[in-house]
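**Q** Output the structure for:
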Amino acid sequence: MKTEILAQDKDILVCFKPAGLAVQSGRASEPDMVSELKNYRMKQEKSSYLGVIHRLDQPVSGVLVFAKNEKAAAFLSKQITDGEMEKIYHAGVYVTETLSEEARELLDGNWHELKDYLLKEPGNTSRIAKREESGAKKAVLRSRCIKKERCFALFEIKLFTGRHHQIRVQLSHAGFPILGDARYGSRESREESLNRRIRNIQLCAVKLSFLHPASKEKVSYEIHGKMECEK
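**A** As a prediction, the model looks like this:
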């Protein structure tokens, strides 16, 4: 099984999704997390129920929680709807020497808020849009630089909205394309990715915190060293 199980009990299943594996694929021939975990549950517990609470883009790695019963699924899903599930990401980004003064402020180690409007377009892409454009949705995240060297920086990111390709689009727009991102990267970031032999997008959901469906107490699950640029 490609998926790594981090923790489980009678209500939840917490896993690490590797880069390149879809959470749930629409094609029967393509492997995905949901199919793997349902098969695992059937073999281990004689049950195939699996409540999908949230997702990660296929190229992105990170921590996900699934529900083992409908009651837990409803409790966890409400936290997503209410914005109460905390998601922390790490992003390895390219830093050009020609950054604007405004962009350079994002490298000072303090938390900074990025607030934009995103519009999903045909071809599975998104772009920064004007607020008044039809279909544009507010996208909010906070980031801080936790490591900086030459043309590379590592950002820690708190995500407050879940827009399509949000982190990738907003960081690229701010002047920090994510290494390994062929879709939203710049020519320079693509060259740096090749030089570093980076094969996957350097974006990982490293920490997930939420209220447990049974105890109602806050639990957190965290991983490190899963990105190529962190190794």
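**Q** Which residues does the longest strand seen in the chain contact?
**A** Criterion DSSP state E: the longest strand present in the chain is strand 137-149. If you take CB atoms under 8 Å, 6 or more residues apart in numbering as the criterion, strand 137-149 is touched by 91, 95, 106-119, 153-161, 163, 166-167, 169-171. For the C-beta atoms, the positions are set from N, CA and C on the backbone; glycine is no exception.
**Q** Next secondary structure element downstream of that strand?
**A** Toward the C-terminus, strand 137-149 is succeeded by strand 152-159 as the next helix or strand (DSSP states H and E).
**Q** Mind giving me the packing neighbours of that next one?
**A** When contacts are defined as 3 or more CB pairs under 8 Å, 6 or more residues apart in numbering; DSSP states H and E, strand 152-159 packs onto strand 86-94, strand 137-149, helix 166-174.
**Q** who wins for proximity to E191 among these?
**A** With CB to CB, the closest approach to E191 among these belongs to strand 86-94: 9.0 Å.
**Q** Same question for the host helix or strand of M42: list its buried residues.
**A** In the assignment (DSSP H and E), M42 maps to helix 33-45. For helix 33-45, the neighbour count (16 or more other CB atoms under 10 Å) marks M33, V34, S35, E36, L37, K38, Y40, R41 as buried.
**Q** Now F75: closest residue in space that isn't a chain neighbour?
**A** Spatial nearest neighbour of F75, chain neighbours left out: P213 (4.3 Å); criterion: CB to CB, 6 or more residues apart in numbering.
**Q** OK, contacts around that neighbour?
**A** Contact analysis of P213 by CB under 8 Å, 6+ apart lists D11, I12, A67, K71, A72, F75, L76.
**Q** What lies in contact with the helix or strand that contains the fifth one?
**A** It refers to A72. With secondary structure defined by DSSP H and E, A72 is part of helix 70-81. Helix 70-81 has contacts (CB under 8 Å, 6+ apart) with 11-12, 49, 51, 53-54, 65, 67, 85, 162, 210-211, 213-214.
**Q** What pLDDT is listed against the residue nearest in space to the middle of the chain?
**A** Among the residues of the chain, the one closest to the centroid is A205, at 4.6 Å (CA atoms, centre = their mean). Looking at A205, its pLDDT stands at 96.
**Q** Tell me the spacing between the spatially closest residue to it that is not a sequence neighbour and N200.
**A** Once flanking residues are discounted, A205 sits nearest to G62: 2.6 Å by CB to CB, 6+ apart. Distance, G62 to N200, by CB to CB, to the nearest Å: 12 Å.
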